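Novice: Sequence first, then the predicted structure, then my questions.
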Amino acid sequence: MKANPISLQSLLLLPLLLSSLAVQAEETYERIMLAVTVKADVRQERLRAVLFAEEQGLDTARLADAVNQRIALALDLTKNEPGIKARTLGYSSSPIYREQRVEGWRVRQTLELQGDDASALGLLIGKLQSDLNVESINYSISEQQLDTTTEELIDQGLTAFRQRAQRIASGWGRDGYRLVQMAIQSRQNPPPQPMPLQAALARSPVEAVAPPSLQGGEQQVSVTLTGTIELKPDPAAPDNAGPPTGEAAEEPTGEQAAE
């Protein structure tokens with residue numbers, strides 16, 4: 001059988017293949033996984049309130065018109081409040097059943113208010129309660145607060161990770177380590193929860209009512225750094241007494257082999 005000749009291209013690729021195999025066979029040492037978590041309590045300054053207008057009756061057109069007017073008045077009043085953002089949310093018209101028969105209709109639309117000034121938003125809610133009901137109020141951390149806090153925690157976490165990794169290396173009697181991989185995750189715990197509101201925040205027949213008492217409290221933000229480190233080799237280990245990596249041991253001559 002005639003052997004296939006080795007092409008010039010195959011010979012040129014051979015050094016690259018050998019180099020790739022050498023990299024894959026590179027010796028690795030003890031690898032250790034570790035995690036560091038840093039936390040901070042951040043004051044919740046962003047307030048979100050959901051209010052709604054609702055009418056019930058038989059004439060859907062009249063009900064819709066009443067709801068639309070109440071929401072429009074609320075939007076006009078909100079325009080005069082700097083720093084407070086308003087937007088309309090869901091709009092629904094649904095039948096009211098009694099003994100499996102339609103007895104009337106319910107028309108409802110919700111309005112969302114957001115702002116970082118809890119005092120100003122509380123006063124606005126008090127004014128709007130003459131025409132709207134309050135569905136829920138919840139606090140959260142503003143995006144700027146979250147970004148700033150997260151960046152600070154990442155810096156603290158990196159310092160703590162390096163200190164812990166060096167402590168582990170020193171505990172094993174090694175001069176140092178190298179980082180193999182790392183993942184960083186941030187978390188808000190617990191997430192903001194809406195505060196249920198009682199009849200005290202329901203629609204009032206008077207023109208304005210006292211604003212609700214609001215207290216945002218604090219929310220915990222945490223950053224976890226998870227990584228793998230590789231300890232530097234122990235110079236006193238027997239495995240490190242051989243020739244340096246990449247240098248082949250000297251082969252004995254014919255005379256030395258005969259001896």
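Specialist: Cool, the structure landed.

Novice: Which parts of the stretch 51-200 of the chain are strands?
Specialist: Secondary structure of the stretch 51-200 of the chain (DSSP state E, counting those that start in this stretch): strands at 84-98, 101-115, 133-140, 177-189, 195-196.

Novice: Among these, show me which one is buried the most.
Specialist: Stretch with highest mean neighbour count among these: strand 133-140 (a mean of 19; mean count of other CB atoms under 10 Å). C-beta: built from backbone N, CA, C; applies to glycine.

Novice: which other helices and strands contact it?
Specialist: strand 46-57, helix 118-128, strand 195-196 (3 or more CB pairs under 8 Å, 6 or more residues apart in numbering; DSSP states H and E).

Novice: Would you confirm that I141 contacts L47?
Specialist: No. I141 lies out of contact with L47 (CB atoms under 8 Å); the separation is 11.3 Å.

Novice: got a list of what the nearest residue to D117 once chain neighbours are set aside touches?
Specialist: Leaving aside its sequence neighbours, D117 sits nearest to G83 (CB to CB, 6 or more residues apart in numbering; 5.5 Å). Listed by CB atoms under 8 Å, 6 or more residues apart in numbering, the contact partners of G83 are G115, D116, D117, A120.

Novice: Apply 10 Å and report the result again.
Specialist: Each residue near G83 by CB atoms under 10 Å, 6 or more residues apart in numbering is listed here: Q114, G115, D116, D117, A120, L121.

Novice: just to revisit the earlier point, redo the helices and strands packed on strand 133-140 as JSON lines? Include distance to R98 and mean pLDDT.
Specialist: Below are those laid out as JSON lines (distance: least, CB to CB, whole Å; pLDDT from 0 to 100):
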{"stretch": "strand 46-57", "distance to R98": "12", "mean pLDDT": "93"}
{"stretch": "helix 118-128", "distance to R98": "31", "mean pLDDT": "89"}
{"stretch": "strand 195-196", "distance to R98": "28", "mean pLDDT": "49"}
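
Novice: quick one: which of the ones you listed is nearest I96?
Specialist: Nearest to I96 among the helices and strands packed on strand 133-140 is strand 46-57; the distance by CB to CB comes to 6.6 Å.

Novice: tell me which residues in that closest one are buried?
Specialist: R46, L47, R48, A49, V50, L51, F52, A53, E54, E55 (16 or more other CB atoms under 10 Å).

Novice: is it true that the last one touches A61?
Specialist: No. Here E55 does not reach A61: they are 11.2 Å apart, not a contact under CB atoms under 10 Å.

Novice: Now the common contact residues for these two.
Specialist: Common neighbours of E55 and A61 (CB under 10 Å, 6+ apart) are W105, V107.

Novice: how about the helices of the stretch 151-259 of the chain, start to end?
Specialist: 254-258 (DSSP state H, counting those that start in this stretch).

Novice: quick one: low-confidence parts of the stretch 101-250 of the chain?
Specialist: 189-216, 237-250 (pLDDT under 70).

Novice: do you know how far A53 is from Y139?
Specialist: 24 Å (CB to CB, to the nearest Å).

Novice: go on, Q100?
Specialist: Here the criterion is CB to CB. By it, Q100 lies 43 Å from Y139.
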